[in-house]
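Asks: no sequence on this one, just coordinates:
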């Protein structure tokens, strides 16, 4: 395998899973690839309640087509435990059926209140990428720190939704 393909993997391991974006590569597709990788790790490292462990493992993307494309191409149909990942692109909040993970893009932040209302009582991990999202009920919020994408956690929101965060997911988060 050429060194330019191995280097990002080594950098991810070295920086404690902080996704590094090289200068000049900050396009939407690169950021979408990094986010897709994180979403897959959230799916495979955390635990949902027993009743959510049957059927497909559904990840919904609302407001970010590039992320939908990357996540579908790289992780669609991969297993999470005994479940197979299904990636769906939502056209509106009303499109949502039960999802294990719902990514709400910053372009849809004005719909945060409606989304959190709709998810009330469901074991859905709400993932966002805008300031103040954790205080509004998101479980995970992406942050850009220099040339890296990291994330912060709202453990209380995860607990309220019945989601047990994995040890590595907790360790990799911004403290």
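Replies: Looks like it came in fine. Quantities reported herein were computed from a predicted structural model and do not represent experimental measurements.
Asks: My read is that residue 158 contacts residue 125, right?
Replies: Yes. Between residue 158 and residue 125 there is a contact under Cβ atoms under 8 Å: 7.0 Å. C-beta here means a position set from N, CA and C on the backbone, and glycine is covered the same way.
Asks: So between these two, which is more surrounded?
Replies: Neighbours were counted for residue 158 and for residue 125 using other Cβ atoms under 10 Å; residue 125 has more, 25 against 20.
Asks: which residues sit in contact with the more buried one?
Replies: Contacts for residue 125 (Cβ atoms under 8 Å, 6 or more residues apart in numbering) come out as 42, 46, 100-102, 139-140, 158, 161, 163.
Asks: longest single helix anywhere in this structure?
Replies: helix 28-45 (DSSP state H).
Asks: Give me the packing partners of the helix or strand just after that helix, helices and strands only.
Replies: Following helix 28-45 in sequence order, the next helix or strand is strand 57-62 (DSSP states H and E). Strand 57-62 sits against helix 28-45, helix 65-75, strand 83-90, strand 101-104, with contacts defined as 3 or more Cβ pairs under 8 Å, 6 or more residues apart in numbering; DSSP states H and E.
Asks: Quick check: which of these is nearest to residue 167?
Replies: helix 28-45 (8.1 Å; Cβ to Cβ).
Asks: buried ones in that closest one?
Replies: Counting neighbours by 16 or more other Cβ atoms under 10 Å, one finds that the buried residues in helix 28-45 are 30-45.
Asks: again with stretch 143-154
Replies: For stretch 143-154, by 16+ other Cβ under 10 Å, it's 149-151, 153-154.
Asks: where does the protein dip in pLDDT?
Replies: 1-28, 95-96 (pLDDT under 70).
Asks: list the contacts for the most centrally placed residue in it?
Replies: Centroid-nearest residue in the chain, with Cα atoms, centre = their mean: residue 39, separated by 3.4 Å. Contacts for residue 39 were tallied using Cβ under 8 Å, 6+ apart; they are 59, 71, 75, 101, 103, 127.
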